[in-house]
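A.B. asks: A structural model of the following input is requested.
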Amino acid sequence: MNHFKDFILDFFQDLNREVAYEDNGLKVYVTGGSGFVGKSLIKRLKEERHDVRALAVSSDDAQILKDLGAEAIVGDVNQIQVLKQSIYGCDVIIHLAAIMKIMGNYKELYQVNVDGTKNM
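C.D. replies: Here you go, the predicted model:
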């Protein structure tokens, strides 16, 4: 898991060097922000003065995102209109949302992990 986190953080360090941005940094859209990797990523993005807008599937997740300093958008990766409206104006999208169960409802897994990724 640390390799992925390091990859994302290196990506943003490189991006910071290559992209000229205002004092507020980039506007970054994150799905899966209330998860293990997502929370660490949002903390780091905020430390680097980026604006973060993150998708939350519940009001509890929205509160987690707000506590991290992100703008929380309640919705999910299969709500196309919510995605269109909330992604508008963002410079970068990081899609981390997924259902991480080995066993479970196949339809739900497919809708989130496959269809949701296509929607992004």
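A.B. asks: now the strands for the protein?
C.D. replies: Taking DSSP state E, the strands of the chain run over residues 27-31, 51-56, 71-74, 92-95.
A.B. asks: CSV for these, including distance to G104?
C.D. replies: (Each C-beta comes from the backbone N, C-alpha and C, glycine too.) What follows is the strands of the chain, written out as CSV (distance: least, C-beta to C-beta, whole Å):
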stretch, distance to G104
strand 27-31, 19
strand 51-56, 21
strand 71-74, 23
strand 92-95, 20
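A.B. asks: include distance to A62 and mean pLDDT when you put the ones you listed into a markdown table, please.
C.D. replies: Rendered in a markdown table, the data for those read as follows (distance: least, C-beta to C-beta, whole Å; pLDDT from 0 to 100):
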| stretch | distance to A62 | mean pLDDT |
| --- | --- | --- |
| strand 27-31 | 13 | 96 |
| strand 51-56 | 4 | 97 |
| strand 71-74 | 4 | 97 |
| strand 92-95 | 18 | 95 |
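A.B. asks: where does this protein dip in pLDDT?
C.D. replies: Across the chain, the stretches falling below the confidence threshold (pLDDT under 70) are 1-5, 8-9, 11-24.
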